[in-house]
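A.B. asks: just to be clear, the model below is a prediction. Sequence and coordinates:
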Amino acid sequence: MKYQHTHFDARIGIGLRASHIDTVLETRPKLGWLEVHSENWFCEQGPVADKLQQIREQYSLSLHGVGLSLGSVSGIDRQHLSNLNSLVQRSAPILISEHLSWGAVSGKHSNDLLPLPFNQSAIDVLVRNIDTVQQMLGRRILVENLSSYCTFSASTMPEWEFVAEVLEAADCGLLLDINNLYVNACNHNFDTRQYLSGLPMDRIAEVHLAGYETEGTAQAPILVDTHSKPVQPPVWQLFKNILPQLPNNARVLIEWDAELPPLEVLLQQAYQANRHLMEVCHAAA
């Protein structure tokens, strides 16, 4: 593979999915870290647990969850949180993250991450649930901005103000998904510069880069956060614009979840992210 022997900056990683695990373990690309979906690794014994141990021996790991449902008024599922805590103890992750969303009611789960209204009531629910999680895990988590395709009449503030208030009140970190930011800016017609100016940039510990697809019509396009394509040029440009504002230790992840290509394609995307990161570092030197 062309990028197998490329030495990536320690801040550059990729999302590791099942179809790439064996190739990663065999070829050992010189990435800084890997991120896995927490819920896929809850098994404490058997082949899944064995694979996790092999991965841990080679790479720093980050856990990225999709099932805590931080925005649920019914609170955090204690069994789910217990499973996550056990995984944290086994894997010693460098970062733990979840989404600013909800998706569970009375033990029944949606097959997607659902958006929240941007108001004080939703902030209160999120802060309470994030506190529950952080108390159990004994450490700060990151929360990720969500892509959405609707707005709520109950919203009383813009998304960036909502996110900033959650971060402050819950004392948690931010996983800034740049693809989600761009998708929402296009779909909901706001300026990414205004969004970013409203965020506490010092709380960003990780950024995600992923691909979107365009649906709808030429007159009324809708961007969909599919994670099934390469990072699009406007998202790369937004990433380059944001880089000088990020904390020096913020990690950068290439995320690809559907229609997975060969590992080489993800490494090429990681190489491009690495190149942009190095350009900013050299400019600042």
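C.D. replies: Now that the structure is in, tell me what you want to look at.

A.B. asks: can you pull out the helices in the stretch 151-285 of the chain?
C.D. replies: Using DSSP state H, counting those that start in this stretch, the helices assigned to the stretch 151-285 of the chain run over residues 159-170, 178-188, 192-197, 233-242, 263-284.

A.B. asks: most tightly packed of the ones you listed?
C.D. replies: With neighbours defined by mean count of other C-beta atoms under 10 Å, none of those is more surrounded on average than helix 178-188, at a mean of 21. All C-beta spots, glycine's among them, are computed from the backbone N, C-alpha and C.

A.B. asks: give the rounded mean pLDDT of it.
C.D. replies: Taken as a whole, helix 178-188 has a mean pLDDT of 98.

A.B. asks: now do it against helix 159-170, angle only.
C.D. replies: With axes from the mean of the first three to the mean of the last three C-alpha atoms, to 10 degrees applied, the angle from helix 178-188 to helix 159-170 works out at 130 degrees.

A.B. asks: adding distance to Arg203, write the helices of the stretch 151-285 of the chain out as JSON lines.
C.D. replies: JSON lines is the format used below for those (distance: least, C-beta to C-beta, whole Å):
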{"stretch": "helix 159-170", "distance to Arg203": "5"}
{"stretch": "helix 178-188", "distance to Arg203": "15"}
{"stretch": "helix 192-197", "distance to Arg203": "13"}
{"stretch": "helix 233-242", "distance to Arg203": "14"}
{"stretch": "helix 263-284", "distance to Arg203": "19"}
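
A.B. asks: among these, which comes closest to Arg11?
C.D. replies: Taking C-beta to C-beta as the criterion, Arg11 comes closest to helix 263-284 out of the helices of the stretch 151-285 of the chain, the separation being 6.7 Å.

A.B. asks: so which elements touch the closest one?
C.D. replies: Helices and strands touching helix 263-284, as assessed by 3 or more C-beta pairs under 8 Å, 6 or more residues apart in numbering; DSSP states H and E, comprise strand 12-15, helix 21-27, helix 233-242, strand 251-254.

A.B. asks: in TSV, list these along with distance to Leu52.
C.D. replies: Written out in TSV, the entries for the helices and strands packed on helix 263-284 read as follows (distance: least, C-beta to C-beta, whole Å):
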stretch	distance to Leu52
strand 12-15	15
helix 21-27	10
helix 233-242	30
strand 251-254	18
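
A.B. asks: I'd like these as a markdown table, with distance to Asp112 and mean pLDDT appended.
C.D. replies: Converted to a markdown table, the helices and strands packed on helix 263-284 look like this (distance: least, C-beta to C-beta, whole Å; pLDDT from 0 to 100):
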| stretch | distance to Asp112 | mean pLDDT |
| --- | --- | --- |
| strand 12-15 | 18 | 98 |
| helix 21-27 | 25 | 95 |
| helix 233-242 | 21 | 98 |
| strand 251-254 | 21 | 99 |
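
A.B. asks: nearest to Ala218, out of the ones you listed?
C.D. replies: Closest to Ala218 of these, according to C-beta to C-beta: helix 233-242, at 16.7 Å.

A.B. asks: what lies in contact with the closest one?
C.D. replies: If you take C-beta atoms under 8 Å, 6 or more residues apart in numbering as the criterion, helix 233-242 is touched by 176, 178-179, 181-182, 192, 196, 207, 209-212, 231, 272-273, 276, 279-280.

A.B. asks: and with 10 Å instead?
C.D. replies: Contacting residues not belonging to helix 233-242 are listed as 176-183, 185-186, 192-193, 196, 201, 204, 207, 209-212, 223, 230-232, 246, 250, 252, 269, 272-273, 276-277, 279-280 [C-beta atoms under 10 Å, 6 or more residues apart in numbering].
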